[in-house]
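Enquirer: Fold the following.
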Amino acid sequence: MNFSNSKSDIVKRYEDRNDGYFDVNEISEIVDYYLRRLRTKDARKAVEIGLQLHPDDWELHYQKCRILLDLQEYDSAYAATNEMFELCKSNNEITDIDAMADTILLRGETLVRMGNDKQAKLVFKELLQDMYGKLDDAYLDIADTYITLNDHETALQYLQEGLKYNQGNTSIISEISFCYKQLRQVDKAIEYCNKCLDISPYSSDSWYNLGELYFSKEQYSEAIDAFDFTTAIDDTDVSAWEMKAYALYYNENYRKSAECHLKCARLNGSNDASSLAFAAEAFEKAEDYENGIRYYCEVLKLQPENTDAICGIGLCLFEQKQYEECIVQFKKAIELDGSSSDNWMYLGEAYAALDKVEESISAYNQCLMRKDNQSAVWATLGNLHFETDNLELALHCYNKASEYDPDLLYIDLFLSLTYYGLGKMELAVKHLKIAIAKNANSTDLFLEVYPDAQAFIFTINTNS
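Expert: Coordinates of the predicted model:
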C-alpha cells in the first residue's frame, strides 16, 4: 500500500465531500495532514467532524485537546480533558492505563499553560502511582511536559526524582544532560552525557550530544573525538559528519574538514551544493586552491548564480597571483549581486595587486558605500591615497578608520605619517607617541617612509 498516495486520496475525498463518512484512522490522517502544514484551524474542523461521526473515540478527543492547546484556547482544552476522563471511566474499550496516564499528563500541561502550576503539580502527582507503570518513566513523562514548555528547571526536579528509582534509565540521564545544556550549565551537561555513555557506550546519539557540548565550549579536539565515535557507530549519520567537519575546520585541520564535507555530499546525494561549498572553502583555507576551484565549480553546476562560489573561485585565483582572472570572477559576482560590500573589497584588492590604483580606489569606495563601518577598508583606502600623495584624502580615510576602531593596528602611525607630510608637526608628534606606546617598531617604520626625519624622531625621544 502506498501510504502517501492513499493519504492524499483521503484528504482529497474529504475536501471534495464526495463521501460523508470517514473512519477514525482516516480522520486522524486528515488531521495530521493539516497539522504538518500548520493549518491548525483546518485540523480543528476535521477533528470536530470526526467527533460527530465517532463521539466516543478517545484518540480523536486527544487530538482535539492538543489542537486547542496550540490555539491557546486553554479553557476549552481543560473542558476537553474532562470529556476524556469520562471516556476512560465509562467505555470499557478505552479504560486502559496508557489512555488514563496520557489524559492526566494532558490536563497537567493544560494547567501549566493556564498559569496554574500548583494545581498542575497536584494533577501530575496522580500519575505517580504504581498502577500507571514504572515511577521513573512517569517522572520522565512529566519532565517532558515541562521541557516542551521550556521550563527546564522544573523538568530537572522531576528528572532527578525519577533517577532515584532507576539509576540506569538512560532516557532520564540524557534529558538531564539536555536540560543542563539549555540552562547553559555545559559542564554538568557533559557529566550526565558521559554517564549515559558509561551505561550505553555504543549510543551514537550520546556521542553526538557529547560532541555538540564540547563544540559549544570550543573544545574542538574533544568534539572531534566524540564525533569520531558517532560516525564509527553509524557511518551514515550526516549530522555527525557535518559537525565533525566544522570542528576540524575550527581546529585548523582544513583538509580533513573538506573530506568530511565531501562525505556529507555523498550521503546527501548529487544535489548537495551546501556541503560542496563548505568543502571548497575548507580546501581554500588549506591553500589547496586547485581543489578549492574544483569544488566551487561543482557548486556552480548546481547553482550557476551562487555568488559565494564565484567569489571563492576569485579568491583562489587571487592567492595563485592570477589577478586578471580573479578580477573576471569578482566582476561576475558583482553583476549578480552589486549590494555585497565584500565583492567590491575583493575587486579593490585585486586591482591594487596589479597597481591599478584608480580602479582599486573606485572599488574600495563602492565597498564603503555599501558598508561604511569597515575600519580596515578605510585604512587600506587611506594607504592608497597616501601612496599617490593625496594626503588630505588619506587623512580623511585614516580618521574614519580610527573612528570605527581606535585600536586598529598601526592606525596612529598612519595618522602621524600623514600629519607629518602635511606639515602638522604637533599632531604628528601626538600620534607617533601613541603609535610607539602600542608598537615599539613604529619609529623604524616611520623612518622607512621618511628617512630624513631623524631630527624629528630625536625630538620625540628627547621629550618622552
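Enquirer: Show me what the strand or helix carrying Ala232 is packed against.
Expert: Element membership of Ala232 [criterion: DSSP states H and E] is helix 220-233. In terms of contacts (3 or more Cβ pairs under 8 Å, 6 or more residues apart in numbering; DSSP states H and E), helix 220-233 is packed against helix 204-216, helix 238-250. Yep, even glycine has a C-beta here, placed from its N, CA and C like the rest.
Enquirer: which one of the ones you listed lies closest to Leu368?
Expert: Minimum separation from Leu368 across those (Cβ to Cβ) falls at helix 238-250, 29.8 Å.
Enquirer: Mind checking what helix or strand follows that closest one in sequence?
Expert: helix 254-268.
Enquirer: Give me the distance between that following helix and the centre of its chain.
Expert: Distance of helix 254-268 from the chain centroid (Cα atoms, centre = their mean, to the nearest Å) equals 19 Å.
Enquirer: what's it packed up against?
Expert: Counting by 3+ Cβ pairs under 8 Å, 6+ apart, the packing neighbours recorded for helix 254-268 are helix 238-250, helix 273-285, helix 289-302.
Enquirer: Give the rounded mean pLDDT of that helix.
Expert: Across helix 254-268, the average pLDDT comes to 98.
Enquirer: got the CA positions of it in PDB?
Expert: What follows is helix 254-268 as a C-alpha-only set of coordinates in PDB (Å, rounded to 0.1, in the frame of the first residue of the first chain):
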ATOM      1  CA  TYR A 254      41.100  22.200   6.900                       C
ATOM      2  CA  ARG A 255      41.900  19.300   4.600                       C
ATOM      3  CA  LYS A 256      40.100  16.700   6.900                       C
ATOM      4  CA  SER A 257      37.300  19.200   7.300                       C
ATOM      5  CA  ALA A 258      36.900  19.300   3.500                       C
ATOM      6  CA  GLU A 259      36.900  15.500   3.300                       C
ATOM      7  CA  CYS A 260      34.100  15.300   5.900                       C
ATOM      8  CA  HIS A 261      32.000  17.800   3.900                       C
ATOM      9  CA  LEU A 262      32.500  15.700   0.800                       C
ATOM     10  CA  LYS A 263      31.300  12.700   2.800                       C
ATOM     11  CA  CYS A 264      28.200  14.700   3.600                       C
ATOM     12  CA  ALA A 265      27.700  15.500  -0.100                       C
ATOM     13  CA  ARG A 266      28.000  11.800  -1.000                       C
ATOM     14  CA  LEU A 267      25.500  10.800   1.700                       C
ATOM     15  CA  ASN A 268      23.000  13.600   0.800                       C
END
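Enquirer: Give the buried residues for it.
Expert: Neighbour counts over helix 254-268 (16 or more other Cβ atoms under 10 Å) mark 254, 256-265, 268 as buried.
Enquirer: quick revisit: show residues contacting the helix holding Ala232.
Expert: 202-204, 207-208, 210-212, 214-215, 237, 240-241, 243-244, 247-248, 250-251 (Cβ atoms under 8 Å, 6 or more residues apart in numbering).
Enquirer: Return the angle between stretch directions for that helix and helix 254-268.
Expert: Inter-element angle recorded for helix 220-233 and helix 254-268: 30 degrees (by axes from the mean of the first three to the mean of the last three Cα atoms, to 10 degrees).
Enquirer: buried stuff in helix 220-233?
Expert: Using 16+ other Cβ under 10 Å as the test for burial, helix 220-233 gives 220, 222-227, 229-231, 233.
Enquirer: Which one of the residues you listed is nearest to Tyr420?
Expert: Looking across the buried residues of helix 220-233 and measuring by Cβ to Cβ, the closest to Tyr420 is Tyr220, at 46.0 Å.
Enquirer: State the distance from that closest one to Cys193.
Expert: Using Cβ to Cβ, to the nearest Å, one gets 17 Å for the distance from Tyr220 to Cys193.
Enquirer: Out of the helices and strands packed on helix 220-233, which is closest to His152?
Expert: Nearest of the helices and strands packed on helix 220-233 (Cβ to Cβ): helix 204-216, 15.2 Å.
Enquirer: Not counting sequence-adjacent ones, nearest residue to Lys263?
Expert: Spatial nearest neighbour of Lys263, excluding adjacent residues (Cβ to Cβ, 6 or more residues apart in numbering): Trp241 at 4.9 Å.
Enquirer: Just confirm the one you found contacts Leu267, I think it does.
Expert: Yes. In this structure, Trp241 is within contact of Leu267 by Cβ atoms under 8 Å, at 7.0 Å.
Enquirer: Find residues that contact each of the two.
Expert: Here Trp241 and Leu267 have no joint contacts, going by Cβ under 8 Å, 6+ apart.
Enquirer: Right, I'll leave it there.
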